[in-house]
Every structure is written in structure tokens, then in C-alpha cells.
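S.K.: Predicted model follows, preceded by the sequence.
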Amino acid sequence: MIARHETHLDKTDIWSALSAPLPPGVISWRQDGRPISRDGRHIARFVAYIEANTVRERLDAVVPGEWDLTLELLPPVTGLDEDANQGACSFKARLQILGVIREDVGTGKDYKQAATDAFKRAAVRFGIAHELYAYEQNWVQMDGDAKYARPIEDPAVAYARRYGRPRAVASTSGDTAPGVADRAAELPLSEEPASAPTATGPLASDEQSCPKCGGRMWDNRLTKRNPKAPDYKCRDRSCDGVIWPPKPGKAEKAEKDEPVKVLSEETEEIPF
């Protein structure tokens, strides 16, 4: 027992080790939603993610035998909007590390997917894979708009070409493990590309700040199928900040108050 105690890191080092950036090889990309057509091209949004095994490996490497996971199946929620990106199953994950407990809820089309999602979300509360929140939206050109359309370029390559290597972000949530929010966790400038590509189009020019926490927001205007759904949603899962589409009356008034700009369809930009 004495030898085990001596080899353990103190808690400050443990939180830092848990929230350390993940190696690039464990980060994957998956398509989020069906392809959409813009100016004769088919594009789809891809999001970065990690497997649950990556989380387990980080926990076993940093706090072996000192973490515990409890999953609770939640009752199904009726009346959900089909565009709300909600799954059929929901679990609440309760992750305990060295006596510190964090909880979060995950959804999925089956029990396995929902439980895995809940586990990874709870792990984010300790800083594990929190750098994924720094990623910009990644729109990739597809070979069609059918259900099984495939990207014509590796999403990881497409992201690096436009944005370079993303910077990690410090947590804005009060539920984050002690010490994680104070780490800054920013990559050295030497690791940034010499000349990062500049993003263009509506995703770059219309970036919004969350009206509640001031953080960055997801732009859902191109992918949402329900016109009444929010245009923007805060990236911080603990914040419910949203920006709704302007009402017709307000939109018409804004158009009258601002100079009219005429753009041909040929000049409209797409998020590439």
C-alpha cells in the first residue's frame, strides 16, 4: 500500500493528466446529418469524436482502479421533435474518480449507443477529450446526396486544409473537474501551421456569440429541417443559450432599415 501511494500523482497532476490533449490517431470523424445541395455540389457536415475505449484507456492509465461508472436507464421521452437529433434510448452516466462525481446524459438508437454516449459525456466533465469542443464545423464535399453517399476527401484532411490544427479550449462549465478550467490548455504556437487557411462563406462571416455565456455557438442554419428550430445553439452542453430565427415582421423591418444588397446566385458562397 505504501509503494502504491508513493507512485500515485497528487490530485492536481491527475486532473491535468486526465484532460491532457489526446493523440491525433484516436480522433475520428463521422457524418452528422444527410448531405445538402449547394450550387450544384453536395456537402455534409462531419463531427470529430472518439471511441469509448479511448476514454477507458485514459482512465486506466491515469487512475487505474480508482474510477467507477454507474449507468441508469432513463424512461423514454414522448413528443420529441424528429429534428431534435434525439435517440430512442437515454442513459444517465455517473462517473466517479477519486471521490469526485460527475454526471451526464447520453442518447442513442439502442442501449449500447446511448450508454456509450452517456459515458463519454460524463468523461468530458473531467476534461477528457474536451479539446474536441474547439473544432470548427467541418463541411466536406460528397459524391452525391443519396443515403450512402461518401465524402470525396478524408474529413480529417479537409479540416486540416481549411483550419489547421485546432486549439484546445478551457472549460466554461462549473462542473468541470478541479484544475481543468485553470489550465488554459492552449497548444504552443510552434505547433500551429505557418499559414492557416482562412474559412469563407456564411459559416465564417456569421459567427455568433452565445447570448447567455458569451461562448461560441453551432450554426445550424444549413442543416436544420425544421424552420422553427434555433439558428444557433451554444457549444457548451451545460448552457442552453440559443438564437432563434427572426420573426417575419422583424425581418421585413430590418430589410427596410438596411441598404439593399443584390447578389446573383453565381456569387453565393458555400462553406468550403
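M.R.: Everything's here; your move. Numbering: from 1, shown residues only.

S.K.: Distance-wise, check residue 106 relative to residue 130.
M.R.: Summarising the geometry, the distance separating residue 106 from residue 130, computed by C-beta to C-beta, to the nearest Å, is 16 Å. In short, each C-beta sits where N, CA and C put it, glycine included.

S.K.: actually residue 52, not the one I typed
M.R.: With distances defined as C-beta to C-beta, the gap from residue 52 to residue 130 amounts to 16 Å.

S.K.: Comparing the two, which shows the higher neighbour count?
M.R.: Set residue 52 next to residue 130 and count neighbours by other C-beta atoms under 10 Å: residue 130 wins out with 25 against 15.

S.K.: Can you tell me the element residue 90 falls in?
M.R.: Secondary structure here is read from DSSP states H and E; on that basis residue 90 sits in strand 89-97.

S.K.: swap in residue 233?
M.R.: Secondary-structure assignment from DSSP H and E places residue 233 in strand 232-234.

S.K.: what's the next secondary structure element after that strand?
M.R.: Helices and strands here follow DSSP H and E; after strand 232-234, the next one along the chain is strand 242-243.

S.K.: per-residue confidence averaged over that following strand?
M.R.: Mean pLDDT, computed over strand 242-243, is 86.

S.K.: what packs against that strand?
M.R.: Of the remaining helices and strands, those touching strand 242-243 by 3 or more C-beta pairs under 8 Å, 6 or more residues apart in numbering; DSSP states H and E are strand 232-234.

S.K.: Mean confidence (pLDDT) on the strand it packs on, please.
M.R.: For strand 232-234, the mean pLDDT works out to 81.

S.K.: Direction included, what does that strand pair against?
M.R.: In the sheet containing strand 232-234, its partner strands are strand 217-219 (antiparallel), strand 242-243 (antiparallel), by DSSP bridges.

S.K.: Name the secondary structure element that contains the nearest residue to residue 104 once chain neighbours are set aside.
M.R.: The spatial neighbour of residue 104 that comes closest, neighbours along the chain excluded (C-beta to C-beta, 6 or more residues apart in numbering), is residue 121 at 3.7 Å. Taking DSSP H and E as the criterion, residue 121 maps to helix 111-124.

S.K.: Same question for residue 159.
M.R.: Secondary-structure element containing residue 159, defined by DSSP H and E: helix 155-163.

S.K.: List the buried residues of that helix.
M.R.: With burial defined by 16 or more other C-beta atoms under 10 Å, the residues of helix 155-163 counted as buried are 155, 156, 158, 159, 160, 162, 163.

S.K.: And for stretch 43-61?
M.R.: Those buried within stretch 43-61 under the rule 16+ other C-beta under 10 Å are 43, 44, 45, 46, 47, 48, 49, 50, 54, 55, 58, 59.

S.K.: What about the residues you listed, which are in strands?
M.R.: Under the assignment DSSP state E, the buried residues of stretch 43-61 contribute 43, 44, 45, 46, 47, 48, 49 to strands.

S.K.: Including distance to residue 213 and pLDDT, could those go into CSV?
M.R.: Compiled in CSV, these are given as follows (distance: C-beta to C-beta, whole Å; pLDDT from 0 to 100):
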residue, distance to residue 213, pLDDT
43, 29, 95
44, 29, 94
45, 23, 95
46, 26, 95
47, 21, 93
48, 22, 93
49, 23, 94
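
S.K.: Looking at those residues, which is nearest residue 137?
M.R.: residue 45 (6.0 Å; C-beta to C-beta).

S.K.: any idea how far residue 158 is from that closest one?
M.R.: Applying C-beta to C-beta, one obtains 11 Å for the distance of residue 45 from residue 158.

S.K.: shared neighbours of the two, anything?
M.R.: Residues touching both residue 45 and residue 158 comprise 138, 140, with contact defined as C-beta atoms under 8 Å, 6 or more residues apart in numbering.

S.K.: that older thread, which elements pack onto the helix holding residue 159?
M.R.: By contact count (3+ C-beta pairs under 8 Å, 6+ apart), the secondary structure elements abutting helix 155-163 are strand 28-31, strand 41-49, strand 138-141.

S.K.: and the second one with helix 155-163, angle?
M.R.: Translated: strand 41-49. 100 degrees (axes from the mean of the first three to the mean of the last three C-alpha atoms, to 10 degrees).

S.K.: show me where pLDDT drops low in this protein?
M.R.: 1-9, 77-87, 165-207, 222-225, 237, 247-272 (pLDDT under 70).
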